[in-house]
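Novice: what follows is a predicted structure for the sequence shown.
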Amino acid sequence: MKKTVVVIDGMGGGIGAQLIGRIREIIDADKVPVELIALGTNASAAERMLKAGAHRGAAGENAVKVSVSLGDFILGPLGIVLANSLMGEVSPAMAEAVLAAPGERILLPVHQEHVYLAGTESLPLGRLLDKAVDHLKERLERIEGC
C-alpha cells in the first residue's frame, strides 16, 4: 500500500530539502512505496525541495490548504502549525489546514521567536532531522509489518 509523505517548508526551503534528501535515503520502495510531496509556502521553497528529490510539489497558501490532506505523514518545522510564523509566511489558513489534516504530523522543534517549548532539548538541526526521519522510518516499517 503506497504511503504519501508531505514535507512543508517556507523561506528558502532548506529544512524541507534536507528532510526530503534524508527520507529518500531510508525509503525502500519494494517494502512500502512512498510518494514525496513538497509543499512550499513560496515558490523557491517548493523548487528547492523538488530539486532535493520530491516526486511532485506546489507552492502557496491554496496549494498547502488543498494538498496537505493527501499526506499519511506531514513533516516540517514547528512553524507550519503556528499562524504567522516563518516570518509571516504561514498564514492562519495554512496552519489550520495542517492541524486539521488526517495525517500524522512529525514536527521539528526549530526555534520560533514567539514560542518557547518547555521540556525540549536544544539540539543541532542535523540531529533534529535524524530524529524526525528515524521516527518516520519506524512508522513506515510498522505499517509494512501489518
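Specialist: That came through, no problem. Note that the structure is predicted; figures quoted are calculated from it, not measured.

Novice: low-confidence ranges in this structure?
Specialist: 29-30, 144-146 (pLDDT under 70).

Novice: so which elements touch the longest helix seen in the chain?
Specialist: Longest helix in the chain, counting residues (DSSP state H): helix 125-145. Applying 3 or more CB pairs under 8 Å, 6 or more residues apart in numbering; DSSP states H and E, one finds that helix 125-145 contacts strand 3-9, helix 14-26, strand 73-77, strand 104-108. Bear in mind the C-beta positions are built from the backbone N, C-alpha and C, glycine included.

Novice: could you rerun that using 6 Å?
Specialist: Packing partners of helix 125-145 (3 or more CB pairs under 6 Å, 6 or more residues apart in numbering; DSSP states H and E): helix 14-26, strand 104-108.

Novice: tell me what the spatially most central residue of the chain is bridged to.
Specialist: By CA atoms, centre = their mean, the chain has its centre lying nearest to Leu75, at 2.3 Å. Here Leu75 shows beta-bridge partners Val7, Ile106, assigned using DSSP bridges.

Novice: that one: what's it in contact with?
Specialist: 7, 19, 106 (CB atoms under 6 Å, 6 or more residues apart in numbering).

Novice: looking at these, which one is closest to Val66?
Specialist: Nearest to Val66 among these, counting by CB to CB, is Val7 at 15.8 Å.

Novice: looking at the helices and strands packed on helix 125-145, which is buried most?
Specialist: Greatest average neighbour count among the helices and strands packed on helix 125-145 goes to helix 14-26 (a mean of 21), per mean count of other CB atoms under 10 Å.
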